[in-house]
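Q: A predicted structure for the sequence below; I have some questions about it.
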Amino acid sequence: MTNDATTVDAAAVATGAVAADGANALAAIDVGTNSFHLVVARVVGRDHFEIVTTEKEMVRLGHGGGDMKLLDVDAIERGVEALARMRKIADVHGALLRAVATSAVREAQNHDDFIRAAHERAGVDVEIISGVEEARLIHLGVLQALEVFDRRLFLCDIGGGSTELVLGYQGAELAARSVKLGAVRLTDRYFPGGRTDADSVAACRHYVRSILAPFEREVTAHGFEVAVASSGTAEAIAAVASAAAGGAAPRSFNGFRLHRSALADAVERLTHARTTSARARIAGLDAGRADIIAAGGVILDEIAECFGIDEIVISDYALREGVLLDTMQRRAGSDATLHHLRDLSRRSVQRLAEQCDSDPEHSKHVARLALALFDQTAPVHGLDVGCREYLEAAAMLANVGLFVSHTKHHLHSYYVIRNSERLVGFTDHEVELIALVARYHRKSAPKSSHPEFAALGEDDQDMVRALAALLRIAIGLDRGHASRVTDVRARVLGDRIEIGLVAAPGADIGLEVYAADERRGLLETVLGRSITLSQQT
């Protein structure tokens with residue numbers, strides 16, 4: 001275990017973060033393909049966190065030269081044991097813990113086995129995040145480590161299973177990609193057993209270039225002023241370059257500048273050492289990384305070559321620190337002020353709606369009506385205020401399936417939402433909840449025979465059922481897509497609920513009253529009360 005005390009001024013980089021409400025300590029675990037990283041921090045004031053302790057374990061959760069389709073039983077066991085130890089460390093500090101999983105878990109067909117074991121045996125709920133969300137969180141973390149907020153930024157993070165690429169400026173992602181280039185993945189594919197030769201290195205380079213090439217156009221279009229690399233791979237190569245230059249190794253590589261020529265020399269030394277044991281003897285290199293560093297070095301070298309990077313600045317912070325700040329923002333979002341994270345998630349919802357919904361103004365109006373119903377029936381549905389955002393997103397996206405086909409478009413909406421990488425600011429589980437609420441905006445009510453719904457816990461099932469019920473009525477209230485119903489006035493009167501409808505001046509809302517009345521059944525079942533709808537005079 002290592003300890004440090006770094007204080008981060010989140011406001012200084014204008015991310016909009018504020019101190020977490022409640023818990024004074026936060027912890028984040030990066031459940032990576034190669035290693036697990038824990039960071040525990042103490043929230044200080046409104047805009048600082050101080051890192052109390054960190055922990056790293058080489059777990060090697062994922063492997064495979066192509067798609068990482070399965071997590072081995074022994075890998076799951078190692079992962080759960082590591083999580084249990086990290087859970088204990090977080091508990092010692094009384095920290096609220098959040099764990100996020102990346103490519104190895106994301107791609108594995110049996111990831112539910114790992115998630116379940118982590119919950120039951122380690123007491124850790126692991127969130128699976130998309131590649132683009134991973135890139136966003138890494139970007140957020142890097143902004144806390146380096147003064148690059150006001151500069152156009154190119155960021156790369158090389159993990160065990162994937163590499164995240166980001167073009168950013170002033171906290172926003174101009175473009176982001178997650179590509180299946182990782183140090184473990186490419187070692188298994190090109191350098192099995194850690195052995196390298198000229199042909200395998202050349203083949204690996206060619207493959208990396210082919211994967212990076214599609215991102216060149218966006219890099220050229222946006223440009224960048226500074227290139228940053230985070231992750232253990234980048235830091236390990238910087239350490240090799242530093243040792244080759246002589247002198248004492250820096251205590252921290254944060255802000256270390258790795259020139260193109262020094263990068264090329266370090267990677268050449270690493271790939272020319274043909275075996276793991278030979279690389280382990282290279283000055284500056286952590287021997288525990290010797291088997292996979294050649295592949296990682298090729299990826300970083302080709303990134304520099306492909307995108308014309310002359311110098312790379314190393315960031316000590318990455319995903320786990322981004323998760324800390326993201327957690328602070330989420331907890332701060334419980335008040336009425338819309339903070340940076342929720343601005344971000346709302347924008348991503350709007351972008352997807354605008355791309356796939358032929359009438360986004362209708363969906364926006366439905367969302368407003370649905371939220372009014374949510375707020376006015378809160379005393380009886382009892383849902384947490386955080387569910388309000390899921391309802392808004394589902395209302396905005398309920399019709400994106402029309403982009404595929406009108407027939408069964410509610411099912412298509414589920415698919416589009418669930419598989420979109422454009423929804424940033426949400427966890428994988430949150431995306432699933434939003435997709436299911438949108439899926440049940442019409443036709444069949446949620447049933448235990450539906451596999452996706454059945455896979456939810458009981459509380460989540462109740463939430464999806466209630467939000468879908470509210471959404472169904474809101475959609476009926478704009479049946480004519482003309483915003484004739486401008487507002488609702490719901491009153492809970494014992495065992496019944498009266499919903500008064502405010503009509504636009506001179507509007508006939510007979511169609512809307514009829515359509516909403518036809519859709520009230522599910523909400524009546526959920527709330528256990530009869531519902532009447534009428535025009536308010």
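A: It's in.
Q: what residues are up against residue 63?
A: By Cβ atoms under 8 Å, 6 or more residues apart in numbering, the contact list for residue 63 reads 72, 75, 184-185, 188. C-betas here are computed from N, CA, C, even on glycine.
Q: Distance check, it against residue 73.
A: Distance of residue 63 to residue 73, computed by Cβ to Cβ, to the nearest Å: 13 Å.
Q: hmm, back to that, out of the contacts of residue 63, who has the most neighbours?
A: residue 185 (30 neighbours; other Cβ atoms under 10 Å).
Q: doesn't residue 161 make contact with that one?
A: Yes. Because the distance of 5.2 Å satisfies Cβ atoms under 8 Å, residue 185 is recorded as touching residue 161.
Q: What is the distance between stretch 426-440 and the centre of its chain?
A: 13 Å (Cα atoms, centre = their mean, to the nearest Å).
Q: model confidence over it, on average?
A: If you average the pLDDT over stretch 426-440, you get 89.
Q: Name the residues that touch it?
A: Against stretch 426-440 from outside (Cβ under 8 Å, 6+ apart): 100, 106, 127-130, 133, 345, 348, 390-391, 393-395, 397-398, 400, 410-411, 413-414, 417-418, 420, 423, 446, 452-453, 456, 460, 463-465, 467-468, 471-472.
Q: buried residues in stretch 266-282?
A: 266-267, 269-271, 273-274, 276, 279-280, 282 (16 or more other Cβ atoms under 10 Å).
Q: In helices, which of those residues fall?
A: Taking DSSP state H, the ones among those that sit in helices are 266-267, 269-271, 276, 279-280.
Q: With distance to residue 81, secondary structure and pLDDT added, can I get the contacts of residue 63 in TSV?
A: Converted to TSV, the contacts of residue 63 look like this (distance: Cβ to Cβ, whole Å; DSSP: H, G, I helix; E, B strand; the rest coil; pLDDT from 0 to 100):
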residue	distance to residue 81	secondary structure	pLDDT
72	14	coil	91
75	11	helix	93
184	19	helix	93
185	23	helix	93
188	23	helix	93
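Q: Of these, which is the nearest to residue 515?
A: residue 185 (51.5 Å; Cβ to Cβ).
Q: any idea how far the closest one is from residue 519?
A: 48 Å.
Q: cool, residue 75 as well?
A: Taking Cβ to Cβ, one finds residue 75 at 47 Å from residue 519.
Q: next one: residue 423
A: Taken as Cβ to Cβ, the span from residue 423 to residue 519 is 26 Å.
Q: of these two, who's got more company?
A: More crowded of residue 423 and residue 519, by other Cβ under 10 Å: residue 423, with 24 against 21.
Q: How about that one, nearest residue that isn't a chain neighbour?
A: Residue nearest to residue 423 in three dimensions, not counting chain neighbours: residue 348, with 5.1 Å by Cβ to Cβ, 6 or more residues apart in numbering.
Q: Next: residue 359.
A: Per Cβ to Cβ, 6+ apart, closest to residue 359 is residue 481, 5.9 Å.
Q: cool, residue 394 as well?
A: residue 437 (3.6 Å).
Q: can you tell me the helix or strand for the one you found?
A: According to DSSP states H and E, residue 437 maps onto helix 428-439.
Q: The next helix or strand after that helix: how far from the chain's middle?
A: Next along the chain after helix 428-439, taking DSSP H and E as the criterion, comes helix 451-454. Mean-position distance between helix 451-454 and its chain equals 22 Å (Cα atoms, centre = their mean).
Q: May I see the buried residues of whichever helix or strand comes after helix 451-454?
A: As assigned by DSSP H and E, the chain's next helix or strand after helix 451-454 is helix 458-476. Neighbour counts over helix 458-476 (16+ other Cβ under 10 Å) mark 461-476 as buried.
Q: Over to stretch 515-526?
A: For stretch 515-526, by 16+ other Cβ under 10 Å, it's 515-517, 519-520, 522-523, 526.
Q: can you give me the helices for the stretch 51-200 of the chain?
A: For the stretch 51-200 of the chain, the helices defined by DSSP state H, counting those that start in this stretch cover 73-92, 103-107, 111-117, 131-145, 183-190, 198-212.
Q: Serialize those helices to CSV and add fields for distance to residue 381.
A: Converted to CSV, the helices of the stretch 51-200 of the chain look like this (distance: least, Cβ to Cβ, whole Å):
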stretch, distance to residue 381
helix 73-92, 33
helix 103-107, 33
helix 111-117, 28
helix 131-145, 29
helix 183-190, 45
helix 198-212, 47
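Q: mind checking which of those helices is nearest residue 369?
A: helix 131-145 (29.3 Å).
Q: per-residue confidence averaged over the closest one?
A: 90.
Q: follow-up on the earlier one: name the element the residue nearest to residue 423 belongs to?
A: helix 340-356.
Q: what sits up against the next helix-or-strand element following that helix?
A: Counting by DSSP H and E, the element after helix 340-356 in chain order, helix or strand, is helix 360-376. Here helix 360-376 makes contact (Cβ under 8 Å, 6+ apart) with 350, 353-354, 357, 381, 383, 387-388, 391-392, 395-399, 467, 470-471, 473-475, 477-478, 481, 483, 485, 487-491, 499.
Q: Buried among those residues? Make that a PyMOL selection.
A: PyMOL command restricting these to the buried ones, with burial defined by 16+ other Cβ under 10 Å:
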select buried, resi 350+353+357+381+383+387+388+391+392+395+396+397+398+399+467+470+471+473+474+475+477+478+483+485+488+490+499
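Q: Just want the most central residue of this structure.
A: residue 133 (3.1 Å; Cα atoms, centre = their mean).
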